[in-house]
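Colleague: using only what follows, build the 3D model:
(one chain, ligands or ions: 3)
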Amino acid sequence: MALTTNKSVLSWIDEKVDLVKPSQIIWIDGSESQLDALRAEAVETGEMIKLNEELLPGCYLHRTKPNDVARVEDRTLICTPTEEEAGPTNHWMEPGACYKMLYDIARDSYKGRTMYVIPYSMGPVGSKFSKVGIELTDSIYVVLNMAIMTRVGKTVLDVLGDSDDWVRGLHCKCDVDAEKRWICQFPQDNTIISVNSAYGGNVLLGKKCFALRIASYQGWKEGWQAEHMLILCVEKPNGEKKYVCAAFPSACGKTNLAMLIPPEEYKKKGYKVTTVGDDISWIRKGADGRLYAINPENGFFGVAPGTNMKSNPNALISTQKGTIFTNVCHNLDNNTVWWEGLDKNPPTNAIDWKGNPWNGAESTEKGAHPNSRFTAPAKNCPCLSPEFENPEGVPISAIVFGGRRAKLAPLVYQSRDWNNGVFVGSIMASETTAAAAGAVGVVRRDPMAMLPFCGYNMADYWQHWIDIGAGLDPEKAPKIFNVNWFRKDDEGNFLWPGFGDNLRVLNWILDRCDGKVDAKETAIGYVPYADDIDLTGIEDEVSRETLASILTVENDLWKNEVPGIEEFYAKFGDKLPAAIRAELETLKKNLAD
Ligand code: GTP
Ligand code: SPV
Ligand code: MN
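Modeller: Ligands and ions are numbered 1, 2, ... in the order given. This next block holds a predicted model:
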């Protein structure tokens, strides 16, 4: 039975039913009883494996096809009427041609299958930040993941009422044929169509497809921003709470930073870090003139490998109940899960992510896929911020950009002002990771960590950033920084311990926001004096000299960076905002001095 009388919803669903021809339609009402029945069904068909109820209550394991384990950027399309609107960094197809291609693939693809109708809210139901979406899918795995990652159910439709302001999403698993896999966004139509995949970011349409690609376009039109950013709160010993948004490319440390555990000495002093979000921020100006952010998601779709009780206990604890694991290793001895970097005892009687028998004591292959993931409810997180559900969002003091660069980018630097900060974001570059199909470890430009997620021309997006800044009182605007936790020595060892110790850098950032600490001006911006980053407790790991070396801005190396930036900017032709061009000219001049 339909859960709404909204005509725009019902007629759109009718059209799609005619196209894909399901044998039945089930509306997801958000009730635990309905979800439980779906879990049982997925276990019965083998789509999910129920894990040890004592050790991992309510947890399940799912394996995707080995050809379907990450986002596929070359098959992700932005279908705006003209190619220029999508811009040179997106793959584009003319909407009419794309709809035809997709409908030909989707036609009759639900035959003998059930259509699940998932009404969901990105953001707390009813918040002024929030937006409604409806995803049609033929996958129970998608339903159960969406029920963790978003707010799902009838209340969402009640809030929507008769409005036609909602995002249409059609997912067809089809045959999971990699040659016919397409993830398509139609920003002008508020529509997403995804075919031939069943992996995370390709099919949980509320996440990257809506909350970043479609929402970035909506934000451009409506005067707000959708960003690939975590939101964390640093609580100082005096009780003051400061919120930070940080954008790092996929698998570059957002979840880890968002949930960081303060080093011992900081804990003793009374520092606390809480998490508002780990992947996506929706940001808008509040009545007091400051920028406020919400996390539109309701769960964490986190990278499993490397997550352990030392690196990220909060994430690990979040996965101990009500969690779906995807493409990790299955330990048959106790019916639990394992991944590289969980502990030093790989199971010997196990099934690897591909579904083959695996012995961790002997195998040279990985037990879990490098992009294996957990889908955990936000409410499980021990350090979840009390502001997580706040419909007004949280006020942002600092925006931090960052990437994975073995050389060049210093541990941290501060931009000179907002526009310079936008420039810093625009020239971000990072080594690629397993979160997307393709080569790993190749440095590429990834402005604001939005390269795969910006739903319109990146030059217009930069201009939007500049316009947002122009509308802010500089005293109230967040300060903008860049960090790099990933500097390596010539042997390939990380020079900075990272993880919890990143609070030492966050503390410098917040002191800069409060005007409490001096900094050294360089060609690229302000860097800390090495004495101003607290190393108490890690002096054995990082010497003052090492710290100084990763804070040094080497003009000669930066000069080598300029041609790459020029080449990247050239793709945008006349659309490159003049303010950005001017920032590059300033950098060149600073480097020449
Ligand atoms: P997405 O979910 O893909 O957007 O990734 P993310 O940005 O949330 O990355 P995540 O926090 O899951 O970290 C990805 C990888 O980076 C993991 O293997 C971590 O162990 C590693 N990592 C995270 N923080 C640090 C750090 O401070 N230093 C080092 N060396 N590695 C880190
Ligand atoms: C990312 O790749 O940035 C992710 C995972 O957060 S996915 O949902 O697959 O996009
Ligand atoms: Mn992400």
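
Colleague: switch to C-alpha atoms for all contacts and neighbour counts from now on
Modeller: Fine.

Colleague: ok, now which ones touch the residue in the stretch 401-550 of the chain positioned nearest to ligand 2?
Modeller: Across the stretch 401-550 of the chain, no residue is closer to ligand 2 than residue 435, which sits at 4.7 Å (CA to the nearest ligand atom). When contacts are counted by CA atoms under 8 Å, 6 or more residues apart in numbering, residue 435 touches 70, 71, 250, 251, 371.

Colleague: for it, phi and psi?
Modeller: Backbone torsions of residue 435, given as degrees, to the nearest 10, read phi -70, psi -20.

Colleague: give me the distance between it and residue 403.
Modeller: From residue 435 across to residue 403, the span is 14 Å (CA to CA, to the nearest Å).

Colleague: now residue 95
Modeller: 33 Å.

Colleague: show me which of those two is the more surrounded one.
Modeller: Neighbour totals were compared for residue 95 and residue 403, and residue 403 leads with 29 against 20 (other CA atoms under 10 Å).

Colleague: what sits against the more buried one?
Modeller: 248, 249, 252, 428, 429, 430, 431, 483, 484, 485, 486.

Colleague: for the fifth one, list each beta-bridge partner.
Modeller: With DSSP bridges as the criterion, residue 429 is bridged to residue 445.

Colleague: tell me the one of the contacts of residue 403 nearest residue 453?
Modeller: residue 249 (10.3 Å; CA to CA).

Colleague: what's the local residue count around that closest one?
Modeller: Residues near residue 249, counting by other CA under 10 Å: 28.

Colleague: from residue 403, how far out is the spatially closest residue to it that is not a sequence neighbour?
Modeller: Leaving aside its chain neighbours, residue 249 sits nearest to residue 449 (4.4 Å; criterion: CA to CA, 6 or more residues apart in numbering). Using CA to CA, residue 449 is found at 8 Å from residue 403.

Colleague: overlap in contacts of these two?
Modeller: Counting by CA under 8 Å, 6+ apart, the contacts common to residue 449 and residue 403 are 248, 249, 428.

Colleague: check the residues you listed against ligand 1, which are close?
Modeller: Contacts with ligand 1 within those, counted by CA under 6 Å from any ligand atom: 248, 249.

Colleague: now the helix or strand harbouring residue 218: buried residues?
Modeller: Take DSSP states H and E as the rule and residue 218 turns out to sit in helix 215-222. Residues 215, 216, 217, 218, 219, 220 are the ones in helix 215-222 that count as buried (16 or more other CA atoms under 10 Å).

Colleague: format the residues you listed as a markdown table; extra columns: distance to residue 134 and pLDDT.
Modeller: What follows is these, written out as a markdown table (distance: CA to CA, whole Å; pLDDT from 0 to 100):
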| residue | distance to residue 134 | pLDDT |
| --- | --- | --- |
| 215 | 14 | 98 |
| 216 | 18 | 98 |
| 217 | 18 | 98 |
| 218 | 17 | 98 |
| 219 | 19 | 98 |
| 220 | 22 | 98 |
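
Colleague: check the residues you listed and tell me the two furthest apart.
Modeller: Across the buried residues of helix 215-222, the longest distance by CA to CA is 8.4 Å; it joins 215 and 220.

Colleague: mean confidence for stretch 247-264?
Modeller: Average pLDDT, stretch 247-264: 97.

Colleague: that one near ligand 2 anywhere?
Modeller: Yes. Using CA under 6 Å from any ligand atom, stretch 247-264 comes into contact with ligand 2 via residue 250.

Colleague: what about that stretch, start to end distance?
Modeller: Taking CA to CA, stretch 247-264 runs 26 Å from one end to the other.

Colleague: show me the helices in the stretch 101-250 of the chain, by range?
Modeller: With DSSP state H, counting those that start in this stretch as the criterion, the stretch 101-250 of the chain has helices at 140-149, 154-160, 200-203, 215-222.

Colleague: deepest-packed of those, please.
Modeller: helix 200-203 (a mean of 26; mean count of other CA atoms under 10 Å).

Colleague: other SSEs contacting that helix?
Modeller: When contacts are defined as 3 or more CA pairs under 8 Å, 6 or more residues apart in numbering; DSSP states H and E, helix 200-203 packs onto no helix or strand at all.

Colleague: is ligand 2 within reach of it?
Modeller: Yes. Using CA under 6 Å from any ligand atom, helix 200-203 reaches ligand 2 at 200, 201.

Colleague: residues contacting that helix, please?
Modeller: Applying CA under 8 Å, 6+ apart, the external contacts of helix 200-203 come out as 70, 71, 72, 142, 171, 183, 194, 197, 207, 208, 209.

Colleague: ok, so of these, who is nearest residue 325?
Modeller: residue 142 (12.7 Å).

Colleague: how near is the closest one to residue 404?
Modeller: Distance of residue 142 to residue 404, given as CA to CA: 31 Å.

Colleague: for the stretch 1-150 of the chain, which spans come out with low pLDDT?
Modeller: Applying pLDDT under 70 to the stretch 1-150 of the chain flags no residue at all.
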